[in-house]
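Q: what follows is a predicted structure for the sequence shown.
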Amino acid sequence: LDTPAALPDRWMGLRPYEAIIWSSDQVSLSLAQENAMLEWLRRGGHLVVILPQAGNPWELGRGEDGPLGSILPIERPTTASVPIGDLLAGMMKNPRTSDIEENLPVQVLRSGTRDVIPAADGWVSTWALPGVGTIAAKRSVGHGQLTLLGVDAGAPRLRSVALARTAAGSP
């Protein structure tokens, strides 16, 4: 599926996919596409939503009125500035991050003061950074799973630093 517009409007059209990673900042689902996605999830699909560095394309905080609002958090995450080295340490083996001084914005789903993903709704933290909070979480949807990633893994600067570390051959 190259674009959100190409998403089928029946769950059977999604059956060939075990997982869908949604990294686009474009989220415009018709009611039929949304229902197809929900049914696909209930039948065992896995949707990974990568939240962008800025903006709110999933309209988190709008509840049922946002795309997939019945299964997404009802609150909007907070944003924190996190060292790229801390992010790479959770994404790569031996990233050699001591020389990286840049920060990237991430979406924080759970912290000491705020919980956008309550455990009572089935959310489980899958990646937490000390002093920041949970930046990735998952929950069951029927037989499937929904994962939220608060790190824009496709962010140009994060990718370029990660690729440079890979090309240099981490020890």
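A: The structure has been received and is ready for your questions. It should be emphasised that the depicted structure is a prediction, and the values quoted were computed from it without experimental measurement.
Q: residue ranges with poor pLDDT in the chain?
A: Residue ranges of the chain with pLDDT under 70: 1, 95-99, 165-171.
Q: how far does stretch 130-149 stretch from one end to the other?
A: In stretch 130-149, first residue to last residue: 16 Å (CA to CA, to the nearest Å).
Q: could you list the buried residues of that stretch?
A: 132-139, 141, 144-149 (16 or more other CB atoms under 10 Å). C-beta: built from backbone N, CA, C; applies to glycine.
Q: inside strands: which ones of the residues you listed?
A: 133-139, 141, 144-149 (DSSP state E).
Q: pick out the most distant pair among those residues.
A: 133 and 144 (25.4 Å; CB to CB).
Q: what's the helix or strand for residue 27?
A: Residue 27 is part of no helix or strand when elements are defined by DSSP states H and E.
Q: residue 105: which element?
A: strand 103-108.
Q: who's residue 106 bridged to?
A: residue 80 (DSSP bridges).
Q: against residue 84, how distant is it?
A: Distance, residue 106 to residue 84, by CB to CB, to the nearest Å: 10 Å.
Q: of these two, which one has the most company?
A: Neighbour count, other CB atoms under 10 Å: between residue 106 and residue 84, residue 106 has more, with 27 against 19.
Q: between the buried residues of stretch 130-149, which is closest to residue 93?
A: Nearest to residue 93 among the buried residues of stretch 130-149, with distances taken as CB to CB, is residue 136, at 18.0 Å.
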